[in-house]
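Engineer: Turn this into a structure:
(chains A and B)
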Amino acid sequence: MLESILAVLETILVIFIGALEEGLVYAVMALGVYITYKILDFPDLSVDGTFPLGAAVTATLITKGVSPILTLLISFVIGAFAGMLTGIIHVKFKIRDLLAGIIMMTALYTINLRITGGKSNVPIFMQKTIFNNSFLNGMPEEVQPYLVSIVLFFIVLLMKLLLDLYLKTKSGYLLRAVGDNEMVVTALAKDKGITKIIGLIIANAYVALSGSVYAQKSGYFDIYTGTGTMVMGLASVVIGINLLKKVSFVKATSAVIVGSVIYKICVAIAIYFGLETSDLKLITAVLFFVILVASNDRKRRAKSNA
Amino acid sequence: MLELNKITKYYNPGTVNEMCLFNDFNLSVQNGEFVSVVGSNGSGKTSMLNILCGSIPIDKGSIHVQGSNITNMPEFKRQRKIGRVYQNPAMGTCPNMTILENMSLADNKGKAFNLGWGTNKKRIEYYRENLRSLGLGLEDKLDVPVGSLSGGQRQAMALLMVTMSPIEFLILDEHTAALDPKTAELIMELTDKVVKEKQLTTIMVTHNLRYAVEYGNRLLMMHQGEVIIDASGEEKKHLRIDDLLDKFNQISIECGN
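Structural biologist: Numbers count the residues shown, from 1 in each chain, chains lettered A, B, ... in the order given. Below you'll find the predicted structure:
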């Protein structure tokens, strides 16, 4: 009797740790989507391209023997560059936000394949990564199952604190202002277009970094990993912020991270109860639709800006 | 000095709805003048402000500020010297940011928006004092998001924010029109005070004829893209609301209303 209860508990723990890891991997991406969707009020679809961009760059560089930590940094910079292009397409060429993202997303599909040399799948299982190296492998046996979570936790924490700090700077204030009421930015004698581009740069840098972490954790790059990234990120943002909006001491950035983990736990539960992995996108879409209707988020926002 | 020289502005050019609003429109405003502008809807008051601020392009003509040509200067760059308050109280503030954050933003106008701290703690007392001068109790609500304030409070903040940094010109676009009579009165008094204190060159568009007569030292009445009354000095002082109403009636009859 006791043994069977323990067995169930262990299954739950394994599922939970798996979901926690997944949630933390995508949390950095969700922070990026938080910047565009919540702060800038810009539904940025280019993240569907910049997430696998980070993964492609990382997998390719790691097979070439580049240090795993350095690939995080390189992915961050390349993601920033892609974000800048989305921004320029939108601001300088006056293309609508959604379309600017779609253009970038479509272009990145090819770019990602070019980066990997035409391969739609690049395995790095046997390579050194931030999760698989002599330092971590030398840790005691008991902590081994939790190491991935711990590494992820510190990465997410660092990225969250950096974003929190940035949002308290003058530049961060201006970024929040441009999403809140862009006429104020003009009134401050600042170019609102440049401010939006800066927001897209930071957001896509975060997303590409998340893609890099994803590739290193899962041990491969796959061209299709990007599909639905934006919706997943949005779901995390909306779940987190709506669940925790009553808890005033929790910052929105923390709420987004919690949202990402909760989202992955929901997915894990759904799969545990027999749903196929291929059903996931539909579940995400339905879940996302329900949350949006329930919170009526964008409508209220539009009104308060009027 | 502000100068609009031979401004021509068409709306919907090349369509059946093409309309010529301004044809060789000229206006110059001397430094230190407080100009009230009245006129019926569609007479070009707000368009004139939009042209001045660079919110809409012009087809011909030139715009000069203190002698330098700013015709092709983008809107945001012109705002360095211009402060503008809109009719809609929501336009001048960021609703999801707190009063303190809004004040900090306004205080930083003209300086770099870099990675320094957004709010300078040493300035908080100064912001409090400024807010206290409004007499609306906002000084005790520094951490409240501006979106939860009333229209009047937001308009007072908008006025405070645009006049906090050293500007030369104040543009008021029916800035009391959306407020109740008492609040409108308060905002008007605050406006007059700040204009005198900072010696701002001001253009105020209003539908309130009493404000137009009472405040300022020059009055313009516009009609179909032209200035039909331009009174300053003694002439402005003797102008009464009835004179303006007579002129309005006269125009209406001409237009066949």
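
Engineer: contact partners of the helix or strand hosting A:Leu165?
Structural biologist: Using DSSP states H and E, A:Leu165 falls within helix A:144-167. Here helix A:144-167 makes contact (CB atoms under 8 Å, 6 or more residues apart in numbering or on different chains) with A:17, A:20-21, A:24-25, A:27-28, A:31, A:35, A:39, A:72, A:130-131, A:136, A:139, A:143, A:172-173, A:175-176, A:202, A:206, A:209, A:213, A:217, A:251, A:253-254, A:257, B:115. (C-beta placed from N, C-alpha, C; glycine too.)

Engineer: What segments of the chain are helices?
Structural biologist: Assuming you mean chain A. Using DSSP state H, the helices assigned to chain A run over residues A:2-33, A:47-63, A:68-91, A:97-115, A:134-137, A:144-167, A:170-180, A:182-187, A:192-218, A:229-244, A:252-272, A:280-295, A:297-305.

Engineer: actually it's chain B I care about, not the one you picked
Structural biologist: B:45-53, B:75-78, B:99-107, B:124-132, B:151-164, B:181-198, B:209-214, B:233-238, B:241-255.

Engineer: Tell me which of these approaches B:Lys9 most closely.
Structural biologist: Each of these was scored for nearness to B:Lys9 using CB to CB, and the closest is helix B:45-53 (6.6 Å).

Engineer: how about that closest one against chain A, any contact?
Structural biologist: No: Helix B:45-53 is not in contact with chain A by CB under 8 Å from any CB of the partner chain; minimum separation 9.0 Å.

Engineer: one step back: pull the distance from the helix holding A:Leu165 to the chain's centre.
Structural biologist: 13 Å (CA atoms, centre = their mean, to the nearest Å).

Engineer: can you check stretch A:111-125 too?
Structural biologist: Stretch A:111-125 has its C-alpha centroid displaced from the chain centroid by 20 Å (CA atoms, centre = their mean).

Engineer: Give me the buried stretch members for that stretch, please.
Structural biologist: Neighbour-count burial for stretch A:111-125 flags A:111-112, A:115-116, A:122, A:124 (criterion: 16 or more other CB atoms under 10 Å in any protein chain shown).

Engineer: Contacts made by it with the rest, please.
Structural biologist: For stretch A:111-125, contacts defined as CB under 8 Å, 6+ apart pick out A:49, A:52-53, A:56-60, A:62-63, A:215-216, A:219-224, A:226.

Engineer: before we move on, back to that, going by mean pLDDT, which of the helices of chain A comes out lowest?
Structural biologist: In terms of average pLDDT, helix A:297-305 trails the rest of these, at a mean of 48.

Engineer: Measure how buried A:Phe249 is and give me the count.
Structural biologist: A:Phe249: 6 surrounding residues under other CB atoms under 10 Å in any protein chain shown.

Engineer: That one and A:Ala59: what is the separation?
Structural biologist: A:Phe249 is 40 Å from A:Ala59, where distance means CB to CB, to the nearest Å.

Engineer: What of A:Ala177?
Structural biologist: Going from A:Ala177 to A:Ala59 by CB to CB gives 38 Å.

Engineer: Those two - which one has more neighbours?
Structural biologist: A:Ala59 (30 against 27).

Engineer: so that one touches A:Gly219, yeah?
Structural biologist: No: using CB atoms under 8 Å, A:Ala59 is not in contact with A:Gly219; the gap is 9.1 Å.

Engineer: List buried residues within the contacts of stretch A:111-125.
Structural biologist: Those of the contacts of stretch A:111-125 that meet the buried threshold are A:49, A:52-53, A:56-60, A:62-63, A:215-216, A:221-223, A:226, by 16+ other CB under 10 Å.

Engineer: related to what we said a few turns ago, how about the helix holding A:Leu165: buried residues?
Structural biologist: Residues of helix A:144-167 classed as buried: A:148-149, A:151-153, A:155-156, A:159-160, A:163, A:167 (neighbour count, 16+ other CB under 10 Å).

Engineer: Please apply the same query to stretch A:241-254.
Structural biologist: A:241-242, A:244, A:252-254.

Engineer: For chain B, state which of these is nearest.
Structural biologist: Using CB to the nearest CB, A:Ala252 comes nearest to chain B of these, at 10.6 Å.

Engineer: Name the nearest residue to that closest one, sequence neighbours excluded.
Structural biologist: Counting by CB to CB, 6 or more residues apart in numbering or on different chains, A:Ala252 lies nearest to A:Ile241, which is 5.8 Å off, once chain neighbours are set aside.

Engineer: so who does that neighbour touch?
Structural biologist: A:38, A:252, A:255-256, A:259.

Engineer: Let me see the contact set for the residue lying closest to B:Ser47 once chain neighbours are set aside.
Structural biologist: Distances taken as CB to CB, 6+ apart place B:Leu21 nearest to B:Ser47, at 5.7 Å, with adjacent residues excluded. Counting by CB under 8 Å, 6+ apart, B:Leu21 makes contact with B:9-11, B:44, B:47, B:225.

Engineer: what does B:Glu33 give?
Structural biologist: Counting by CB under 8 Å, 6+ apart, B:Glu33 touches B:201-202, B:216-218, B:232.

Engineer: still on that earlier bit, find the one among the helices of chain A with the highest mean neighbour count.
Structural biologist: helix A:47-63 (a mean of 29; mean count of other CB atoms under 10 Å in any protein chain shown).

Engineer: residues touching B:Gly152, list them.
Structural biologist: Applying CB under 8 Å, 6+ apart, we find B:Gly152 in contact with B:89, B:136, B:179-180, B:183, B:186-187.

Engineer: among the residues you listed, who's most crowded?
Structural biologist: Most neighbours among the contacts of B:Gly152, by other CB under 10 Å: B:Pro89, with 25 neighbours.
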